[in-house]
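Chemist: I need the structure of the sequence given here:
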Amino acid sequence: MASAKEIDKILPQTQCGECGYAGCRPYAEALAQGSAPIDRCPPGGLNTLRALASLLSVDPVPYEQSVKENTRTSSLAVIREAECVGCTKCIQACPVDAIVGSANLMHSVIAHECTGCGLCVEPCPVDCIDIMPQESNDYDTTLARARFHAKSVRQLREKQAKEQAYQQKRTLAASREDKKQDKLAKQDFILQALARSKAKQKT
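Modeler: From the prediction side, this is the model:
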């Protein structure tokens, strides 16, 4: 049986998620486990279908018609920069970090690194991103794979850091509440002691 790494090398590394998985590697892992069919890669088209079929010893013929109908042509994201408001949402959505810019400043697509996945279009609040058809994609699949994994690791670390900060805040809040309750208990104890003392003096 082919490994996920071998299968991943065949996939186009668009990281578009159109296969129903979070990226090319997760789809490759599902294929390696036999839990996904070989016709789930629209940007890969017939070439990818046949390469997967050969590697996995699967007959591609039953899948060819649906793949022909669903194949997505090569494309490139283009930002109409004069309309960009610098919200950074496209930067966050790009799976391979192919968009550069800063908050409240114009953003630009690095053309030779864009995989044409289209994931930047939907989150754009001013609809200033066009997906332009291309004869072929010029991006480096090895670089796209590396940048996708690097971003995935970075996002995981950021998530873990946020969770850790949240837990620290909860712990600090709980500690403060404990100290507050302890202070109130001590004050109550003192007040009760004073009350008993006054009561004895009256008798």
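Chemist: any idea how far Gln192 is from Asp8?
Modeler: Distance check for Asp8 against Gln192: by Cβ to Cβ, to the nearest Å, it reads 71 Å. The C-beta positions use only the backbone N, C-alpha and C, and glycine is treated the same way.
Chemist: quick one: which of those two has more around it?
Modeler: Shown here are Asp8 and Gln192; by other Cβ atoms under 10 Å, Asp8 has more neighbours (20 against 10).
Chemist: wait, the more buried one sits on Ala28?
Modeler: Yes - under the criterion of Cβ atoms under 8 Å, Asp8 makes contact with Ala28 at 3.9 Å.
Chemist: mind giving me the domain ranges of the protein?
Modeler: Following automatic domain parsing, the chain resolves into domains at 4-70, 75-133.
Chemist: wait, which of these is closest to Arg145?
Modeler: Arg145 lies closest to domain 4-70 among those, at 5.0 Å (Cβ to Cβ).
Chemist: Give the rounded mean pLDDT of the closest one.
Modeler: The pLDDT scores in domain 4-70 average 97.
Chemist: for stretch 127-142, same thing?
Modeler: For stretch 127-142, mean pLDDT is 93.
Chemist: in it, what's buried?
Modeler: 128-129, 131, 137, 139, 141 (16 or more other Cβ atoms under 10 Å).
Chemist: Sort out for me which of those residues are in helices.
Modeler: Taking DSSP state H as the definition of helices, these contribute Thr141.
Chemist: Filter the buried residues of stretch 127-142 down to the ones in strands?
Modeler: Members of the buried residues of stretch 127-142 lying in strands (criterion: DSSP state E): 129, 131.
Chemist: Closest to His112 out of the buried residues of stretch 127-142?
Modeler: Nearest to His112, judged by Cβ to Cβ, of these is Tyr139 at 6.2 Å.
Chemist: check contacts around the closest one.
Modeler: By Cβ atoms under 8 Å, 6 or more residues apart in numbering, the contact set of Tyr139 is 13, 96, 98, 112-115.
Chemist: Could you pull out the strands in this protein for me?
Modeler: For the chain, the strands defined by DSSP E occupy 75-79, 99-100, 108-109, 129-133.
Chemist: and the angle for the first one with strand 129-133?
Modeler: Right, strand 75-79. In terms of direction (axes from the mean of the first three to the mean of the last three Cα atoms, to 10 degrees), strand 75-79 departs from strand 129-133 by 150 degrees.
Chemist: can I get the CA coordinates of strand 75-79 in PDB?
Modeler: What follows is strand 75-79 as a C-alpha-only set of coordinates in PDB (Å, rounded to 0.1, in the frame of the first residue of the first chain):
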ATOM      1  CA  SER A  75      -6.100  30.200 -11.700                       C
ATOM      2  CA  LEU A  76      -4.500  33.100  -9.900                       C
ATOM      3  CA  ALA A  77      -5.900  35.400  -7.200                       C
ATOM      4  CA  VAL A  78      -5.600  39.100  -8.100                       C
ATOM      5  CA  ILE A  79      -6.400  41.900  -5.600                       C
END
